[in-house]
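Enquirer: Got a sequence here, can you build the structure:
(2 chains)
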Amino acid sequence: MIARTMAIAAAEFRIQTRNRWLASAAVLMLLFALALTFAGSAPTGSLGVDLLTVAVASMTTLAVYLAPFLALMIAFDAVAGEAERGTLGLTLTYPLSRGEMLLGKFAAHLAVLAIAIGLGLGAAGAAAWLAGGAGAESLMALARLIATALLLGATFLALGYAASALSGSGAGAAGLAVGLWLVLVVLYDLGLLGALVFDDGGAFTSHVFPWLLAANPADAFRLWNVAGSQNVALVSGMAGAGAALPGWAAPLSLFLWPVLALLLARAAFARVEP
Amino acid sequence: MTDRDTALAIAGLDKSYGRARVLDGIALDVEPGERVALLGHNGAGKSTLIKLVLGLVRPSGGSIRVAGHAPGSAPARAATAYLPEQVAFHRSLTGREQLTMFARLAGEHPRTVAPLLERVGLIDAADRRIGTYSKGMRQRLGLAQALLGRRRVALLDEPTSGLDPISRNDLYAVIDEMAANGTALLIASHALTELEARTDRIAIMAGGRLVADDSLANLARAAALPTRIRLTAREGSAEAVQAELGGTRANGRAVELHCTTEQKMAQLARVAGLGDAVRDVEMIPPSLEDLYRHYCGEKTQ
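Expert: Here you go, the predicted model:
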């Protein structure tokens, strides 16, 4: 099983590097991270924290949009594109299960994401460190940011496969991926915000809202990074919601999401008749 | 006969999409080393049958055994080689990389890849990206992956499409080699041409049913298609020739007769009896095309 999964992963990784996806994703992450790090360096003096802490807070906001976006862009073509080009049918006539094929692609795509996110956020972090200093706590926060961004990316890779398997064509899969991104990353928060305003500090705000926040992978990502570091919470001003939840809620959500999303993708893939 | 002897055993196979019945009671066995041509028009159900054998699509009824296993199961897939009609690969991989991936999926050592590329004449292009390949080269690469490992059953869907005549001869050689190694071959095609005539057996599908399944010689005998005799009469004698022999006037001077294989010699003797009135005789035996049309339920020419 490992040999077949690795065969798919090796071929897929080559395809991603040759399509220049790896290069463009890494450059995109790096440019955004550097820009945010130095544009967001203003509040260091007033809050009494080092530049890397501020940079991590800014990059958390960046990664919550960019990691899911990059993951979906890589993943949406995985099943629909291969079915459309006719490569899927031949591959599936080999003694390779659909789960093995999906895992092979997942491994390759996760490696692409890890390189892009690690390079982008890591380089921006190093630049902040050199320019404004860093402490043990802010370095820890950077490591946590990179690891959680990967978990978030893994979730959206798997959701992308599910979208790809559910829609018959590459164009349909792309549309579905954009829809997923909008709903989970943007509209979900807007909806919660609306509910908060309507509730005006009632039972919903104190009891239901924090759990709804943790249930969304993008918000769980934010919560974990904020809760993990007092200083990051201070800078991002998101301490309130995190304090109402037990410490395990956001990490549990962020670990469960990739697994559940992969199972969903596997189930959707089973229905594809190439 | 047990499943072990029959490489591919299909019995009572039905497939419906909604209310449309695509396959209706197909029964077809292919023995090890046997080459069977599967003929039919587009939409006759050939591709559906192949997808069912590959386990990519589930049947509505009936049974398929591939080397004794259920289609789509791991041992059945390990025993099956497939060459799709529109063979497609990842454009950004090289031929060698793509074939290595398939070798590893088939459980073969990557060492087996180079000799196969050599075998299909792609070794010089092995390290070029597949995006730069011509259609014939992609078809050769498709053939190379079908040769990976020792397969019990090979399904070739329109293997000659896109091949030039030289490649075609290579393909015949590869097919004969596979059959000699004991692989059961099912070759789908929408026409009865040279390749199909070289097979051991011909199965013809029309409208989702199997309408013929026999050797070419038996099919030709059973169809009893007429031989055409085309006479060119001397100037002014065409009418006299027609009056004597019957048949139809093709143009000013030609008369065309239809006769069965048994009547052929008697007819020729009558033609010879006309002496100078006939300047030329041409015999046209029924073509493969005529035979195919006959079994597909169309009028022959």
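
Enquirer: C-alpha only now, for contacts and for neighbours.
Expert: Noted.

Enquirer: Please, which helix or strand holds B:Phe89?
Expert: Under DSSP states H and E, no helix or strand contains B:Phe89.

Enquirer: List the contacts of it.
Expert: Applying CA atoms under 8 Å, 6 or more residues apart in numbering or on different chains to B:Phe89 gives the contacts A:86-87, B:98, B:130, B:138.

Enquirer: what's the distance between B:Tyr292 and B:Leu39?
Expert: Distance, B:Tyr292 to B:Leu39, by CA to CA, to the nearest Å: 8 Å.

Enquirer: for A:Phe69, same thing?
Expert: Distance of A:Phe69 to B:Leu39, computed by CA to CA: 48 Å.

Enquirer: one step back: give the residues shared as contacts by B:Tyr292 and B:Leu39.
Expert: Common contact partners of B:Tyr292 and B:Leu39 (CA under 8 Å, 6+ apart): B:191-192, B:204.

Enquirer: So which of those wins on neighbours?
Expert: B:Ile204 (25 neighbours; other CA atoms under 10 Å in any protein chain shown).

Enquirer: Quickly list what that residue is bridged to.
Expert: On the basis of DSSP bridges, B:Ile204 is bridged to B:Leu39, B:Ala212.

Enquirer: Write out the residues of the stretch 101-250 of chain B neighbouring chain A.
Expert: Contacts of the stretch 101-250 of chain B with chain A, taken as CA under 8 Å from any CA of the partner chain, map to B:101-102, B:104-106.

Enquirer: can you pull the buried residues of stretch A:199-214?
Expert: Of all the residues in stretch A:199-214, those buried under the rule 16 or more other CA atoms under 10 Å in any protein chain shown are A:205, A:209-211, A:213-214.

Enquirer: From those, pick the one nearest A:Asn225.
Expert: A:Ala214 (12.2 Å; CA to CA).

Enquirer: from what I can see that closest one touches A:Trp224, true?
Expert: No - using CA atoms under 8 Å, A:Ala214 is not in contact with A:Trp224, being 9.1 Å away.

Enquirer: now the helices for the stretch 101-250 of chain A?
Expert: Here the stretch 101-250 of chain A has its helices, by DSSP state H, counting those that start in this stretch, at A:136-166, A:170-181, A:188-199, A:203, A:209-215, A:217-228, A:230-236, A:239-243, A:249-270.

Enquirer: do you know which of those lies nearest chain B?
Expert: helix A:249-270 (10.5 Å; CA to the nearest CA).

Enquirer: could you say what helices and strands that closest one packs with?
Expert: For helix A:249-270, the packing partners by 3 or more CA pairs under 8 Å, 6 or more residues apart in numbering or on different chains; DSSP states H and E come out as helix A:98-132, helix A:136-166, helix A:209-215, helix A:217-228.

Enquirer: Which residues outside that helix are in contact with it?
Expert: By CA under 8 Å, 6+ apart, the residues outside helix A:249-270 that reach it are A:79, A:98-99, A:102, A:148, A:151-152, A:154-156, A:158-159, A:161-163, A:165-166, A:211, A:214-217, A:220-221, A:223-224.

Enquirer: A:Phe69 and B:Leu39: which has the busier surroundings?
Expert: B:Leu39 (26 against 22).

Enquirer: Compute the distance between that one and B:Ser189, please.
Expert: Per CA to CA, B:Leu39 is found 5 Å from B:Ser189.
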